[in-house]
Structures are given as structure tokens and as C-alpha cells.
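1. Would you be able to build a 3D model of this:
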Amino acid sequence: MKLTDQIKIRELKFKPKVEILENTVELNDMGISIPIPNGFTVDDGGIFKNFKTEYVFPENSEFSKKDKENFENGIFPPVFTLKKNNGRPIIACYLFDIRALKGGSNLNIRSINKFELMWTPYLAKKTNEVPMNAKRILKNDLTGALSTEYGFEYETKNGTEPIPSTLRILTYEVGNFVLTFYIVYDNANDLEQTELDSFIDRIKTNGNNGYNSLWQKAKSVFNL
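-> Predicted coordinates:
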């Protein structure tokens with residue numbers, strides 16, 4: 001399967017319910033509460049729009065010109081994005097059907113996280129020597145995984161100096177879905193480990209019906 005096709009099948013055919021409260025974002029279809037860290041706000045969509053407009057994707061010999069265009073155009077917006085100050089650090093939240101990530105395989109959530117790292121070079125050329133790996137997380141009755149730091153250069157079309165940046169990927173298996181956070185920061189707009197730990201510690205279930213209702217919605221869409 002082409003990489004562009006792998007991106008397309010990740011996009012849900014429906015929008016999960018998002019409720020923005022003072023200190024949390026509630027994904028009520030999944031029964032998950034996500035904290036809004038101190039100093040962060042929920043972005044209005046401008047972060048993703050700017051990314052699609054300005055970002056220079058790395059060259060890749062595997063892509064024809066058409067493949068490259070299809071790949072870049074196939075990247076779809078997150079469920080929501082948290083941002084701090086002038087836009088960094090950012091935490092972009094995606095929700096995927098687990099079948100789109102592991103197909104018929106038996107991948108666990110740590111392996112899914114590592115697989116996400118494996119295709120990240122198509123999005124951003126790796127610049128650090130840290131091995132691509134992920135550690136398992138067990139918090140608040142949720143099973144997740146956090147990747148190692150992935151260094152890359154954020155280059156834009158306006159000709160300014162590329163920004164040395166860091167990406168980390170945080171994934172959770174929630175029923176038949178994978179909740180995925182792409183966390184991006186840089187030296188001038190760092191995300192302290194204590195901030196990241198606090199964010200992870202406060203991701204929890206919120207007592208709503210949760211992923212069962214979302215799975216029923218997915219089944220109705222796909223006639224399962």
C-alpha cells in the first residue's frame with residue numbers, strides 16, 4: 001500500500017465530539033479527558049493551516065512529483081491542537097481507527113508508536129542520533145506509549161533559517177481507537193519534562209460512555 005493511501009485510511013469518516021472546558025478538552029465519545037496545560041490554549045485551526053502553507057517537506061527519492069504532492073495534500077487536520085505563547089510548543093491530537101494502524105497484525109500500543117516513528121522521516125528528516133524507540137505508559141487505567149525525541153529541522157518556504165525542532169509521539173489504545181498526540185517544541189520554546197509528565201498524568205477517563213459509543217458510530221458508518 002502506498003504511503004498516501006496509508007494516510008487516507010487513517011482519517012475517520014465522522015467527527016468525534018469535542019467539548020472544550022476551562023482546563024480540559026473532553027472527548028466524550030471516547031470517555032477521555034485531556035488536560036490543557038498551564039499557559040496553553042486550544043488553537044483555532046491556524047497552526048495546521050500555517051503548517052500546510054509554509055512547511056518544506058524533505059526530499060525523498062521514493063516519491064515522484066505527483067506522489068509527493070498527493071502525500072503532502074493527504075495530511076489532514078487534527079481533532080484539536082494545543083498551543084503555547086506564539087505557537088510552540090504544540091500538542092496536536094489525532095484519533096485513528098486502530099485497524100488503520102495495525103491492519104491484521106497483532107501490534108501492541110508500544111509497537112504502534114514505534115511504527116509511527118518509522119514513517120516520520122517522510123515528514124521530517126531526522127537530525128539527532130537518539131535511537132527511535134518508545135516506552136510503555138500505564139496511567140489512570142490507560143495503556144499508552146511515549147516515543148524518544150526525534151530531532152528535525154522545521155524549514156519554511158519564506159527563506160528564513162530552519163528551526164532545530166523536536167518531535168515526540170504519545171499514543172494511547174482506547175478500545176478500537178488509537179489516541180495520538182504529536183508534540184513539537186524547540187530550544188526557544190521548550191517543553192520541560194515535568195510539563196510533559198504532568199500532561200500525561202492528567203489524561204484519564206471522564207466517566208462518559210466512552211469508546212463503545214464511538215465504535216457503534218464507526219460501525220454504522222462502515223456498515224459493519
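
2. I'd guessed Glu72 sits against Phe57; true?
-> Yes. Counting by Cβ atoms under 8 Å, Glu72 does reach Phe57; the two are 5.7 Å apart. (C-beta placed from N, C-alpha, C; glycine too.)

3. mind listing what the closest residue in space to Asn133 that isn't next to it in sequence touches?
-> Computed as Cβ to Cβ, 6 or more residues apart in numbering, the closest residue to Asn133 that is not its neighbour in sequence is Thr148, at 5.0 Å. Neighbour list for Thr148: 117, 130-134, 168 [criterion: Cβ atoms under 8 Å, 6 or more residues apart in numbering].

4. Okay, buried residues for the top strand by length along the chain please.
-> Counting by DSSP state E, the longest strand found in the chain is strand 163-174. Buried residues in strand 163-174, counted by 16 or more other Cβ atoms under 10 Å: 163, 165-174.

5. Overlap in contacts, Glu72 and Phe57.
-> Between them, Glu72 and Phe57 share no contacting residue, judged by Cβ under 8 Å, 6+ apart.

6. how near is the closest residue to Leu167 other than its chain neighbours to Asp190?
-> Nearest non-adjacent residue to Leu167, counting by Cβ to Cβ, 6+ apart: Tyr150, 4.4 Å away. Distance, Tyr150 to Asp190, by Cβ to Cβ, to the nearest Å: 15 Å.

7. These two: which is more packed in?
-> Neighbour count, other Cβ atoms under 10 Å: between Tyr150 and Asp190, Tyr150 has more, with 22 against 12.

8. Tell me which residues touch the more buried one, please.
-> Contacts of Tyr150 (Cβ under 8 Å, 6+ apart): 117, 120, 124, 126, 128, 130, 132, 166-169.

9. Now it: phi and psi?
-> phi -110, psi 110 (degrees, to the nearest 10).

10. confidence score at it?
-> pLDDT recorded at Tyr150 is 97.

11. So what's the residue count around Glu149?
-> Residues lying near Glu149 (other Cβ under 10 Å) number 12.

12. Cross-check the contact I'm expecting between it and Pro164.
-> No. Assessed by Cβ under 8 Å, Glu149 is found out of contact with Pro164, at 11.7 Å.

13. Quote the end-to-end distance of stretch 188-195.
-> Length of stretch 188-195, first residue to last, Cα to Cα, to the nearest Å: 15 Å.

14. try stretch 47-65
-> Rule used - Cα to Cα; the end-to-end distance of stretch 47-65 is 26 Å.

15. try stretch 179-199
-> 14 Å.

16. re earlier: take the contacts of Thr148 and keep only those in strands.
-> 134, 168.

17. Quick one: buried ones out of the contacts of Thr148?
-> For these, buried by 16+ other Cβ under 10 Å: 117, 132, 134, 168.
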